[in-house]
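Asks: Quick one, what's the 3D model for this:
(2 chains, ligands or ions: 2)
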2 protein chains.
Amino acid sequence: HQRTEDMEDAWQDDEYFGNYGTLRLHLEMLSDKPRTETYRQVILSNSAALREKVVLDLGCGTGVISLFCALLAKPAGVYAVEASSMAEHTEELVKQNGCDGVVTVFQERAENLTLPTKVDVLVSEWMGNCLLFEYMLESVLLARDRWLKKGGMMWPSSACLTIVPCQAFSDYRQKVEFWENPYGLNFSYLQSLAQKEFLSKPKFSHHLQPEDCLSTPADVITLDMVTIQVSDLERLKGEFTFTVEKSGMFHGFTVWFSAHFQSLEDGPSIELNTGPYSEITHWKQTLFMLDAPVSVEEGDIIAGSIRLQRNPIWRRHLSITFLWNINSTEVSTVKTKCFPMWR
Amino acid sequence: HQRTEDMEDAWQDDEYFGNYGTLRLHLEMLSDKPRTETYRQVILSNSAALREKVVLDLGCGTGVISLFCALLAKPAGVYAVEASSMAEHTEELVKQNGCDGVVTVFQERAENLTLPTKVDVLVSEWMGNCLLFEYMLESVLLARDRWLKKGGMMWPSSACLTIVPCQAFSDYRQKVEFWENPYGLNFSYLQSLAQKEFLSKPKFSHHLQPEDCLSTPADVITLDMVTIQVSDLERLKGEFTFTVEKSGMFHGFTVWFSAHFQSLEDGPSIELNTGPYSEITHWKQTLFMLDAPVSVEEGDIIAGSIRLQRNPIWRRHLSITFLWNINSTEVSTVKTKCFPMWR
Ligand SMILES: [Ca+2]
Ligand SMILES: [Ca+2]
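Replies: Residues are numbered from 1 along each chain as shown, chains lettered A, B, ... in the order given. Ligands and ions are numbered 1, 2, ... in the order given. The predicted structure is shown next:
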């Protein structure tokens, strides 16, 4: 995994790691209780099994997961790895919390990492919008292949991408219908422009209301964190068949993810679900709007596929393509829309 | 008003006008009902007096104010001036609304503008955060000096900057106190960093609740749009003496503005108020937080001054300095804090 000078730019590493050098994103992540409490719960409920284990916390940020390990369990050691300049503060936080005997901070990128030993557990919060955005997962898999003992534990152990066809009346009204007749003026000429500007990319930070789900959400892609390979990330595909459960307006698809943490012994696994039926997280959900809404009836079938294509140049970006058909299996009636995210 | 190459950069015109070439900001402004309805109301309530007048609408955007003039009054002509590429669409919108006999669109910057005639009324929505941010007002004053007939009307006719000492418990809690003990960890070491990162610049888009005002707001600076000169904008100063009306926590100052539209005849003037006692606008309010909150009692006096200093290099930016004293007129007890916005 050697990057050329040009490739460095394409990874936008300066911008990416620069963002993690200030507190803003760390505050957002730490303030996200469902996220942070899930990791805390994973450590706590595995505390007995973590005894004398070596843990790698990749992309540790302020070190919160490493500190949970040190304070809630008795691991042999925790390697807290953070590439951004936040690492300097992390070291101090480890000391302030009396954990410097257990936690060692490494300011290093995954691909250049050298650790004293292999590890029993690799824990990381690598998930981005639509699970993959920013592809921190690649760094996690590199670290796994080099530093995780055979049979070691990955946390999360698996992750799912989930989608649902949905209504989004207020988004459509505010962004497209708005131009029809604001203040008595005919601005409908701007609607095609608005559609292009506002609907061609996904909307991050969408908060889907359960009543706007037109069907039961479906897991379309599942990643097994032990077996998945970096090359698998180039192109991921999933299929869906939704039965519309209540008549309404099909404005688009909403996408989110869940992450699953297997128990080190035989306890139940723990789930972090970022969907509309769970407490809202800082990821919220991601909305992909059709160019024009379609009225659907109870019993209608929306079937098709979703494809996540990693950008061959801008390696932290991808495009997401939906194909779908309503009450039809004819190729001639298939609709498709491709959303860059962001390039 | 000749800008050198270097000065062009310092105005960041490409970024500034580029932002107005897409729909996003125009949608935000048009969706702001108190703002847009005020301009509509100004035109409507002056419709008789606007008969046969020539109107200049500077920075017309989608042309909404020009269209109000053409549709609600019978002006001799409206010059709709827009520097960004939005102007091309504005021309089409004027046609679609059947106003191309009255409204002429000019895609031009104020400083390069050539109009067929002088104008009776110069209307513009130039107000930014803390009234002055981005200094579009300079362009308006240039256009006024060249194109407004002697005795012509400026809309707005005057504008006020208003401030109030306030509570901001939730901002302080979420950004500074948060680090004290999140998830049982001692992160207080990060508090000084958080203070620096989160409190050294103002918070745009603050929504001040009336109950968080510690005193009655005060107008500290008033601009008369007929007499003010570009050079006056370099440095504006206002003084205040607030009597605390209920005990509470003094977290900082909140700033907003109002704009006043004089009647062409002798009707009442119309006000657009962006403060906490009016319907929320897209400007919301701007919060300036002290480094550390101060507990205050009913009857306490908070006296001092506010200074808006335009950046000599980055001409769309300014710094805002507060000086204040609590229950004292001693120079030795004066506190001060300077907020760059953004440079
Ligand atoms: Ca993340
Ligand atoms: Ca403005």
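Asks: Could you check how far A:Y277 is from A:T241?
Replies: A:Y277 sits 20 Å away from A:T241, going by Cβ to Cβ, to the nearest Å. C-beta coordinates here come from the backbone N, C-alpha and C atoms, glycine included.
Asks: Equivalent analysis for A:L25, please.
Replies: 37 Å.
Asks: And the two? Which one has more around it.
Replies: Per other Cβ atoms under 10 Å in any protein chain shown, whichever of A:L25 and A:T241 has more neighbours is A:L25, with 15 against 11.
Asks: what are the phi and psi angles of that one?
Replies: Main-chain dihedrals, A:L25, degrees, to the nearest 10: phi -70, psi -30.
Asks: Just list the residues touching it, thanks.
Replies: A:L25 sits next to A:N19 when contact means Cβ atoms under 8 Å, 6 or more residues apart in numbering or on different chains.
Asks: Any figure for the gap between it and B:K196?
Replies: Computed as Cβ to Cβ, the A:L25 to B:K196 distance reads 16 Å.
Asks: and A:W147, what is it in contact with?
Replies: Going by Cβ under 8 Å, 6+ apart, A:W147 touches A:L56, A:L113, A:L115, A:K118, A:V119, A:L122.
Asks: Mark which of those are buried, thanks.
Replies: The neighbour-count test (16 or more other Cβ atoms under 10 Å in any protein chain shown) marks A:L56, A:L113, A:L115, A:V119, A:L122 as buried among the contacts of A:W147.
Asks: quick one: what helix or strand has the third one in it?
Replies: When elements are defined using DSSP states H and E, A:L115 is found to belong to no helix and no strand.
Asks: My read is that it contacts A:L56, right?
Replies: Yes. With contact defined as Cβ atoms under 8 Å, A:L115 counts as touching A:L56 (7.0 Å).
Asks: what's the overlap in contacts for the two?
Replies: Residues touching both A:L115 and A:L56 (Cβ under 8 Å, 6+ apart) are A:Y79, A:W147.
Asks: how about low-confidence regions in the stretch 1-150 of chain A?
Replies: A:1-8 (pLDDT under 70).
Asks: which secondary structure elements does the lengthiest strand in chain A contact?
Replies: Secondary structure of chain A per DSSP state E: the longest strand is strand A:248-261. If you count contacts as 3 or more Cβ pairs under 8 Å, 6 or more residues apart in numbering or on different chains; DSSP states H and E, strand A:248-261 packs onto helix A:33-45, strand A:158-166, helix A:169-175, strand A:270-273, strand A:285-296, strand A:301-310, strand A:318-326.
Asks: and the stretch 151-300 of chain A, which of its residues are near chain B?
Replies: Taking Cβ under 8 Å from any Cβ of the partner chain as the contact definition, the stretch 151-300 of chain A meets chain B at A:174-175, A:178, A:182-190, A:193-194, A:197-198.
Asks: Can you flag the buried ones in those residues?
Replies: Buried among those (16+ other Cβ under 10 Å): A:K175, A:F178, A:P182, A:L185, A:F187, A:L190, A:A194, A:F198.
Asks: List just the nearest of those to A:R51.
Replies: Closest approach to A:R51 among these (Cβ to Cβ): A:F198, at 53.1 Å.
Asks: all strands in the stretch 101-250 of chain A, in order from the N-terminus.
Replies: In the stretch 101-250 of chain A, strands defined by DSSP state E, counting those that start in this stretch lie at A:103-106, A:119-124, A:148-155, A:158-166, A:203-206, A:218-224, A:235-243, A:248-261, listed in chain order.
Asks: mind putting these in a markdown table, distance to A:D300 included?
Replies: A markdown table is the format used below for the strands of the stretch 101-250 of chain A (distance: least, Cβ to Cβ, whole Å):
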| stretch | distance to A:D300 |
| --- | --- |
| strand A:103-106 | 53 |
| strand A:119-124 | 40 |
| strand A:148-155 | 39 |
| strand A:158-166 | 10 |
| strand A:203-206 | 23 |
| strand A:218-224 | 15 |
| strand A:235-243 | 7 |
| strand A:248-261 | 8 |
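Asks: so which of these gets nearest B:M136?
Replies: Closest of the strands of the stretch 101-250 of chain A to B:M136 is strand A:203-206, at 29.3 Å (criterion: Cβ to Cβ).
Asks: tell me which residues in the closest one are buried?
Replies: Buried-residue list, strand A:203-206, by 16+ other Cβ under 10 Å: A:K203, A:F204, A:H206.
Asks: Which neighbours in the sheet does that strand have, and how are they oriented?
Replies: Applying DSSP bridges, strand A:203-206 is found paired with strand A:285-296 (antiparallel).
Asks: Can you point out the buried residues in the strand it pairs with?
Replies: Residues of strand A:285-296 classed as buried: A:Q285, A:T286, A:L287, A:F288, A:M289, A:L290, A:P293, A:V296 (neighbour count, 16+ other Cβ under 10 Å).
Asks: which one is the fifth one nearest to, not counting chain neighbours?
Replies: Right, the one you point to is A:M289. Among residues not flanking A:M289 along the chain, A:G252 sits closest, at 3.9 Å (Cβ to Cβ, 6 or more residues apart in numbering or on different chains).
Asks: dump the residue contacts of A:P293.
Replies: Shown in contact with A:P293 (Cβ under 8 Å, 6+ apart): A:Y172, A:M249, A:F250, A:H251.
Asks: And those residues, which two are furthest apart?
Replies: Top of the distance list for the contacts of A:P293 (Cβ to Cβ): A:Y172 and A:F250, 11.0 Å.
Asks: what are the C-alpha coordinates of stretch A:136-143, in PDB please?
Replies: The C-alpha trace of stretch A:136-143 is given here as PDB (Å, rounded to 0.1, in the frame of the first residue of the first chain):
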ATOM      1  CA  MET A 136     -11.400   4.800   6.900                       C
ATOM      2  CA  LEU A 137     -12.300   1.100   6.700                       C
ATOM      3  CA  GLU A 138      -9.400   0.500   4.300                       C
ATOM      4  CA  SER A 139      -7.000   1.600   7.100                       C
ATOM      5  CA  VAL A 140      -8.700  -0.700   9.500                       C
ATOM      6  CA  LEU A 141      -8.400  -3.700   7.200                       C
ATOM      7  CA  LEU A 142      -4.700  -2.900   6.600                       C
ATOM      8  CA  ALA A 143      -4.100  -2.800  10.400                       C
END
